[in-house]
Structures are given as structure tokens and as C-alpha cells.
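Novice: Show me the folded form of this:
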Amino acid sequence: MIDTHVHLNDKRYENRADDIVAGFPAAGLSAAVNIAYDRPSAEHALAQAQKYAPVYCALGVHPHDSKEYTDADGDYFLLKSKDPKTVAIGEIGLDYHYDLSPRPAQREAFIKQLHIADKAGLPVIIHLREAAGEMLDLLQAHKSLYSHGLVLHCFSESREYAREVLNLGAYISFAGPLTFKKAEKTAEVARFVPADRYLIETDCPYLTPEPHRGETNEPAYVRFVAEKLSVLRGVPFAQIEQETTENAEAIFKKLNIDGRGKMVG
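Specialist: Just a heads-up that it's a prediction; the model follows:
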């Protein structure tokens, strides 16, 4: 399996990253994508990706931190997009729940980073919370800027919204909340999304799935997301492993994994 959204750069893993990555094979993981949320975390994510063979990275400024985004950050992301371990620009997007950055700043930083992704030839990983309508408007208005791929991480919108973004070419990524008891809306999307357009993630250290809810999340727990998908979609667990791995390789083209799910090089 490939955990397509982790934050090994989080301070909670400061002294544990070595052990966590060493445990990937036992957890059935062949790779993970380490996600940035600001410039320092991007530098850390890239350094970890360069250190650990099965770890890749995405570089970007989260909507929470959009008020701090600078063109120098964009220049850095574009420069480091050439690194073989950088597979995406993200996570970027809109978060109107907390509004930790003013909404105009969120929109401006998001569009600027779409331009970075376009120039870099990389897919985009989107964070979206309570801004579904505006996000859809922005995506429809800037289709040319994400021609290299689009991922909506930790998807929590409706089946109808899923249809809209799938029509724009998006991949839909499922995280720990899919395992929660009151996740009927997300479960409906999980049954609906085509077999070639879904991914799995933990978003660790956040959103720990059942049965470990309340603990610090880890990449190994992506298995519980996959198991829930197996039940919801009515297919064997091995099929979820295969489909999500193939889909991750399709969207993150720099992933270097052979046909047996092993790291190469």
C-alpha cells in the first residue's frame, strides 16, 4: 500500500521517524508521501524524503498559513520540484472552517500555487473544508493549471460533489474518518468512486482511524482505511491494495515502485 498523505515532518514524530519508516514493510507499506504545510515544513519534508527511500514529498503552503505565503516560497517550491523525490504541490486549498488566514489570502495563495504546479509539471493535493462551492468555481476557472493531476485529500463532501470533481479529472483520497460510525456520506462516496480514481491516506498524526481513535495516528494505520474500503466496496482487501497502489503510481508519476509493490533503487 501507499499512504498518500502523511506528516512525518510533524514535531510529534521528531524522534520516531526512523522507527516508523523502518516499520513500513511489516505494515504492508511500500511508500508514503510526506506533505508540507508551510516553507519550514516543506524543507523538512524534502530532507526526510531524501533520507528515506520509501518516502516522497509534496511542497506547498496550507490555507491556514496562506497569509504568510510569499513569492519566494513559490520560487523555492518550483526549484525543489525538480528533485526526484518531490511528487506534488500541496497541500494547498481553502479552509473556511477556522479562517486562520483571511479568505482573500487563501484564494490568492491557492491560485499562485496552482501556477507553480503547472510550471513544475506536478499534480496538486488539495485541502478543502467548508468552501466546496468556491473551490469548485476556482477549479472550473483554472482547469489548465492542474493538467498534471488533482487530488482531493481526506474527502468529506457529498456524492454529487464527488461526481463534479471526478469530471474535472480528480482523484479522491479517503482517510481515517471513513472508519468513523457517523461517516455515512463519505461511505456513500467510497462505494461510488471508480476503481481507478481513489486513494488511501492517514493524514497522520491527525484523524486516527478506528479502532485506534484517540491515539496519535501513524502510516501503519492506513490498513484500517483500506479494510473499511474493502467492506464498503465489497471486494477483497488485496484488490484495494492493488487498485490504490496503481492509482497512486498513476497520479504521482515519480514514485519508483516495481510490480511487486517494492521500492526500486
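Novice: For Val61, give me its contacts.
Specialist: Val61 is in contact with 36-39, 68-69, 73, 92, 109, 113, counting by CB atoms under 8 Å, 6 or more residues apart in numbering. Using the backbone N, CA and C atoms, a C-beta is placed for each residue, glycine as well.
Novice: Buried residues in the helix ranked longest in the chain, which are they?
Specialist: In the chain, taking DSSP state H as the definition, the longest helix is helix 103-120. Of the residues in helix 103-120, 106-107, 109-110, 112-114, 116-118, 120 count as buried by neighbour count, 16 or more other CB atoms under 10 Å.
Novice: With stretch 199-209 instead?
Specialist: Quick answer for stretch 199-209 (16+ other CB under 10 Å): 199-205, 207-209.
Novice: For those residues, give me a markdown table that also has distance to Lys181.
Specialist: Output for the buried residues of stretch 199-209, formatted as a markdown table (distance: CB to CB, whole Å):
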| residue | distance to Lys181 |
| --- | --- |
| Leu199 | 23 |
| Ile200 | 19 |
| Glu201 | 20 |
| Thr202 | 19 |
| Asp203 | 19 |
| Cys204 | 21 |
| Pro205 | 22 |
| Leu207 | 14 |
| Thr208 | 14 |
| Pro209 | 12 |
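Novice: Quick check on the residue lying closest to Phe77 once chain neighbours are set aside: phi, psi?
Specialist: Leaving aside its chain neighbours, Phe77 sits nearest to Leu59 (4.5 Å; criterion: CB to CB, 6 or more residues apart in numbering). Dihedral pair for Leu59: phi -120, psi 130, per degrees, to the nearest 10.
Novice: doesn't Thr86 make contact with Leu59?
Specialist: Yes. Leu59 lies in contact with Thr86 (CB atoms under 8 Å); the separation is 6.0 Å.
Novice: Overlap in contacts, the two.
Specialist: Joint contacts of Leu59 and Thr86 (CB under 8 Å, 6+ apart) are 46, 80.
Novice: the more surrounded of those two?
Specialist: Leu59 (36 against 26; other CB atoms under 10 Å).
Novice: on that earlier part again, roughly how far does the residue nearest to Phe77 sit from Asp137?
Specialist: 25 Å (CB to CB, to the nearest Å).
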